[in-house]
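Colleague: output the structure for:
(one chain, ligands or ions: 2)
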Amino acid sequence: MNVYDSARMADVLAPLGYAQVAAPEQADMIILNTCHIREKAAEKIYSELGRLRLLKRAGRLRGAAPILAVAGCVAQAEGAEMLRRAPYLDIVFGPQTYHRLPEMIARAERATASVERGAGILDTDFPAEVKFDHLPKVSSAAGSTSFLTIQEGCDKFCTFCVVPYTRGAEYSRPVAAVLEEGRRLVARGVRELTLLGQNVNAYHGAAPDGGCWDLSRLIGGLAEIDGLERIRYTTSHPRDMTPALCAAHRDCGALMPYLHLPAQSGSARILQAMNRGYGPEEYLASVERLRRARPDIALSGDFIVGFPGESDADFEATMALVRAVGYAQAYSFKYSARPGTPASQLAEQVPEALKGERLQRLQELLDEQQMAFNGAMVGRRLAVLLDRPGRQLGQLVGRSPYMQAVHLDAAADLLGEVVEVDIVAAHANSLAGRLTADLAGRAA
Ligand code: SAH
Ligand code: SF4
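Modeller: Residues are numbered from 1 along each chain as shown. Ligands and ions are numbered 1, 2, ... in the order given. Okay, here's the model as predicted:
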């Protein structure tokens, strides 16, 4: 979502004369768009800011200091504290106020700043007006695949998670706005849309007919856009995996057979302490329902090891769930205590070393599953959307329906097309392929 937000910030800034540059040294303004989900991500910002501060100081001496801003969820969570810790910052703003950037920049430019101090403008409101209603239409998207935020925020309050505090309450964009943005992106050459939301499958957007559409209906509406070949969505909550959405995986040809469905844990006790609202049996039942609807669906997930109070038996339950599902790919993290969340107050924090051991065991199992999933593709023919140039000249990279990166020799004019590819080799994180005979002449 930060990638999407950054692109939208570029849209907001374009009318002011800003364009993106390749390196911070060339910039008149530098915005760090930040993530607060785990401590490691949040801490990186201060070391990065230390480096940028030197750039700013050098610029000031030359009389052209860049505006330095921090955006995103760390800005939202730390706000004034961030300005205290990094007083040379000009602007600190949260994820719900970036439509006000022009106003913030004008104020920053007016502020007379000394060599060391920034202007110190802070905007971490959750404004009554919705930012989407005040953003210009998308104009920054380039390429054949794009994100589209349809839902934001969260009301579920899992006990480990900062999202409800940093992104705010759950909100669904109206159907008409989503369809319009989708059409606009497709007109600009986009062939694949990934619908975004912290709880994307909780989507319930106001529809033009006065009703309310859920995600399955929205996907159906988007699938009618001429030229849109692929639809994906992320991230889904197991509690909102409705029968209608499962059925969409059977009925909607554009909907890709890949789903990111975070389980977090396989232990009923830990899932309850996390306030997830489902147990391992319900999660497995969702997986079964999905596989009945779309037998080849590839599953991905998120896992947290070392949640407070997690015993060996709880962890083994997670391992058992992973074995029962068989993931194509997954993310796993050590539990990170986040300020202000209920779980951070729990007494039974798990020692770091034990978290590390568990993470390693879980990741070994997930890596094995990913390798097996990729390995099973060798000898198969897959439809690949070629979406970027490869590292070597004459190579393009694309995505299989199952989200695997596929590398192959192909002429640059095939960029943006979906082509049939014979898979010849599998690696841990990607596949190697060959254009089918009818297209072989277009291998560069
Ligand atoms: N809304 C999604 C997840 C959003 S956060 C869901 O409910 O599944 C993305 C992922 O970050 C989570 O799935 C979780 O695995 C991880 N995460 C969130 N808070 C965390 C924390 N405090 N420590 C470790 N991992 C965390
Ligand atoms: Fe965080 Fe997801 Fe839980 Fe919401 S549902 S609180 S975003 S983990």
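
Colleague: what sits against residue 147?
Modeller: By CB atoms under 8 Å, 6 or more residues apart in numbering, the residues touching residue 147 are 1, 3-4, 7, 193-194, 196. All C-beta atoms are positioned from the backbone trio N, CA, C, and that covers glycine.

Colleague: tell me how far the helix or strand harbouring residue 44 lies from the chain's centre.
Modeller: Assigned by DSSP states H and E, residue 44 belongs to helix 39-62. On the basis of CA atoms, centre = their mean, to the nearest Å, helix 39-62 sits 25 Å off its chain's mean C-alpha point.

Colleague: go on, stretch 319-332?
Modeller: For stretch 319-332, the distance to the chain centre is 20 Å (CA atoms, centre = their mean).

Colleague: same question for stretch 251-270.
Modeller: With CA atoms, centre = their mean, you get 15 Å for stretch 251-270.

Colleague: and ligand 2, is it touching that?
Modeller: No: Stretch 251-270 lies apart from ligand 2 when judged by CB under 6 Å from any ligand atom; the minimum separation is 7.2 Å.

Colleague: repeat for stretch 132-149
Modeller: No: if you take CB under 6 Å from any ligand atom as the test, stretch 132-149 misses ligand 2, and the best it gets is 14.0 Å.

Colleague: how about residue 408, secondary structure?
Modeller: Following DSSP: H, G, I helix; E, B strand; the rest coil, the label given to residue 408 is strand.

Colleague: quick check, pLDDT for the residue nearest to it when sequence neighbours are not counted.
Modeller: The spatially closest residue to residue 408, leaving aside those adjacent along the chain, is residue 433, at 4.4 Å (CB to CB, 6 or more residues apart in numbering). What the model reports as pLDDT for residue 433 is 97.

Colleague: can you pull the residues of the protein lying near ligand 2?
Modeller: So the chain meets ligand 2 at 154, 156-158, 161, 163-164, 198-199, 237 (CB under 6 Å from any ligand atom).

Colleague: make it 8 Å
Modeller: Within the chain, the positions near ligand 2 by CB under 8 Å from any ligand atom are 154-158, 160-164, 167, 198-199, 235, 237, 262, 264, 274-276.

Colleague: need the contacts of residue 147 in CSV (columns: neighbour count).
Modeller: CSV is the format used below for these (neighbours: other CB atoms under 10 Å):
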residue, neighbour count
1, 21
3, 12
4, 17
7, 17
193, 27
194, 19
196, 20
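
Colleague: contacts only, for residue 252.
Modeller: So residue 252 contacts 219-220, 223, 231 (CB under 8 Å, 6+ apart).

Colleague: what's the farthest-apart pair in the residues you listed?
Modeller: 220 and 231 (9.7 Å; CB to CB).

Colleague: out of the two, which sits in the busier spot?
Modeller: residue 231 (23 against 17; other CB atoms under 10 Å).

Colleague: Three-state assignment for that one, please.
Modeller: Relying on three-state DSSP, one would call residue 231 strand.

Colleague: how about the contacts made by it?
Modeller: By CB under 8 Å, 6+ apart, the neighbours of residue 231 are 192-195, 219, 222-223, 252, 254-256.

Colleague: tell me what it is bridged to.
Modeller: Assessed by DSSP bridges, residue 231 has beta-bridge partners residue 193, residue 255.

Colleague: get me the contact residues on this structure for ligand 1.
Modeller: 37-38, 154, 156, 158, 160-163, 198-199, 235-238, 261-262, 264, 276, 302-304, 331-338, 341, 343.

Colleague: out of the contacts of residue 231, who's the most crowded?
Modeller: Neighbour counts for these (other CB under 10 Å) peak at residue 193, which has 27 neighbours.

Colleague: my read: that one touches residue 229, true?
Modeller: No: between residue 193 and residue 229 there is no contact under CB atoms under 8 Å: 9.6 Å.

Colleague: how close does residue 227 sit to ligand 1?
Modeller: 30 Å (CB to the nearest ligand atom, to the nearest Å).

Colleague: that residue and residue 384: what is the separation?
Modeller: 18 Å (CB to CB, to the nearest Å).

Colleague: and residue 232, by the same measure?
Modeller: Relative to residue 384, and taking CB to CB, residue 232 is found at 15 Å.

Colleague: next one: residue 71
Modeller: In terms of CB to CB, residue 71 sits 34 Å off from residue 384.

Colleague: before we move on, the earlier item: give me the next element, helix or strand, following the helix holding residue 44.
Modeller: Per DSSP H and E, helix 39-62 leads on to strand 67-71 as the next helix or strand towards the C-terminus.

Colleague: so how far is residue 163 from whatever residue of the stretch 151-300 of the chain ends up closest to ligand 1?
Modeller: For the stretch 151-300 of the chain and ligand 1, the shortest gap (CB to the nearest ligand atom) falls at residue 262, measuring 3.4 Å. Counting by CB to CB, the separation of residue 262 from residue 163 is 12 Å.

Colleague: residue 346 now?
Modeller: From residue 346 across to residue 163, the span is 19 Å (CB to CB).

Colleague: of the two, which one has the most company?
Modeller: Between residue 346 and residue 163, counted using other CB under 10 Å, the more crowded position is residue 163 (20 against 15).

Colleague: per-residue confidence at residue 50?
Modeller: So residue 50 comes in at 92 (pLDDT).

Colleague: show me where this protein has its helices.
Modeller: 2-13, 39-62, 72-85, 101-110, 163-166, 175-187, 215-223, 243-251, 268-273, 280-293, 312-325, 352-375 (DSSP state H).
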